[in-house]
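**Q** make a model of this:
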Amino acid sequence: MTEIKSQFDPSLRKTIKGKKQVAVIPVGSIEQHGPHLPISTDSDIVTEIARKLSEKKNFLLLPTITYGVSFEHAPFFNLSIKESTLSNIITDLCTSLFANNIKTVFVINGHHGNLKPLQNIDVKLRKLSKNKLQVFSLSYWHFMNGEFDHAGFAETSLMLAISKNVKMKLAKKGLVTSGMNQQQIKKLGQLASKSFPQVTKNGIWGDPRKATKRDGQIILDEIMRNITKKCQTCLTGHSSKLHQ
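**A** Predicted structure coming up:
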């Protein structure tokens, strides 16, 4: 792995010139995650996943874009940027990478609110580069088998596996969807994308109280296995369904 931010210009240019390079851009958010998880949770998790992926595949790792689209969490705390701003930032970074002869980029997303501005970013950049730049946008929770949440069991377990900044004594049960049908859950999800507090009063979707570091490591290992396989598929072009 080559972590871009710690490199020096001559050696970095030599690395890039030596062979075809693949870059990874992690994208997170700054927003509330209940009383027990830090507001940096999305950025923390996606940074760790992007780092592990870059180490495993020897990719170029860019600094995490910490801010995302989190307006739906108001009046809970969030520091948000517009969808168009995030789209423009990713476009500019990928264009800049392309100018440095880096023609393959994985954008690893860590926040649900970022999905829309990232949705067609690959098409936009293909047009701008005249089909010379490949960009794949992957949201990490699509690579785990269990149901994801917000500050619930899965996300809290992941944080316990990667961070010491978790206050489990403050963990509280939030919205639990067990017993609901898919249509009801989908309806709640649509409402949450507009106003999270209307769906769950304490900012938690799920129940984090039984989360453990061991569970987090199991989930993290599963994500890493699946997302690594997906990246390899993207690079070899053996699948038409490249974006998740």
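**Q** residue closest to the middle of this structure?
**A** In the chain, the C-alpha closest to the average C-alpha coordinate belongs to Gly110, at a distance of 1.9 Å (C-alpha atoms, centre = their mean).
**Q** where does that residue land on pLDDT?
**A** pLDDT recorded at Gly110 is 98.
**Q** and it, what does it touch?
**A** Gly110 sits next to 26-29, 42-43, 45-47, 49, 68, 139-140 when contact means C-beta atoms under 8 Å, 6 or more residues apart in numbering. (C-beta placed from N, C-alpha, C; glycine too.)
**Q** repeat that with 6 Å
**A** With C-beta atoms under 6 Å, 6 or more residues apart in numbering as the criterion, the residues that contact Gly110 are Gly28, Asp42, Ile45, Val46.
**Q** quick check: the third one touching Leu158?
**A** Yes. Checked against C-beta atoms under 6 Å, the pair Ile45 and Leu158 is within contact range at 5.3 Å.
**Q** looking at those two now, which is surrounded by more residues?
**A** The neighbour comparison of Ile45 against Leu158 (other C-beta atoms under 10 Å) goes to Leu158, with 29 against 25.
**Q** helix or strand: which one has the residue lying closest to Pro197 once chain neighbours are set aside?
**A** Excluding its sequence neighbours, the residue lying closest to Pro197 (C-beta to C-beta, 6 or more residues apart in numbering) is Phe76, at 6.3 Å. Assigned by DSSP states H and E, Phe76 falls within no helix or strand.
**Q** for Lys186, same thing?
**A** Lys186 belongs to helix 182-192, assigned by DSSP H and E.
**Q** what helices and strands are in contact with that helix?
**A** In this structure, helix 182-192 packs against helix 196-199, with contacts taken as 3 or more C-beta pairs under 6 Å, 6 or more residues apart in numbering; DSSP states H and E.
**Q** C-terminal to the helix it packs on, what's the next element?
**A** Next along the chain after helix 196-199, taking DSSP H and E as the criterion, comes helix 213-236.
**Q** go ahead and confirm Asn114 touches Ser70.
**A** No. Proximity of Asn114 to Ser70 does not meet the contact threshold set by C-beta under 6 Å, at 8.8 Å.
**Q** more neighbours: those two, which one.
**A** When neighbours are counted by other C-beta under 10 Å, Asn114 and Ser70 differ, and Asn114 comes out ahead with 28 against 25.
**Q** CA atoms only for the helix or strand bottoming out on mean pLDDT in the chain, dumped as PDB, please.
**A** Every helix and strand of the chain was ranked by mean pLDDT, DSSP states H and E. The lowest is helix 9-18, at a mean of 90. The C-alpha atoms that make up helix 9-18 are tabulated as PDB, following Å, rounded to 0.1, in the frame of the first residue of the first chain:
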ATOM      1  CA  ASP A   9       6.900  13.900  -4.500                       C
ATOM      2  CA  PRO A  10       9.900  12.400  -6.300                       C
ATOM      3  CA  SER A  11       9.300   8.800  -4.900                       C
ATOM      4  CA  LEU A  12       5.600   9.100  -5.400                       C
ATOM      5  CA  ARG A  13       6.000  10.100  -9.100                       C
ATOM      6  CA  LYS A  14       8.400   7.200  -9.500                       C
ATOM      7  CA  THR A  15       5.900   4.800  -8.000                       C
ATOM      8  CA  ILE A  16       3.100   6.100 -10.300                       C
ATOM      9  CA  LYS A  17       5.300   6.000 -13.400                       C
ATOM     10  CA  GLY A  18       6.500   2.500 -12.700                       C
END
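**Q** how far off centre is it?
**A** On the basis of C-alpha atoms, centre = their mean, to the nearest Å, helix 9-18 sits 28 Å off its chain's mean C-alpha point.
**Q** the helices in this protein, which residues?
**A** Taking DSSP state H as the test, the helices found in the chain are 9-18, 41-57, 83-99, 115-118, 121-128, 153-162, 182-192, 196-199, 213-236.
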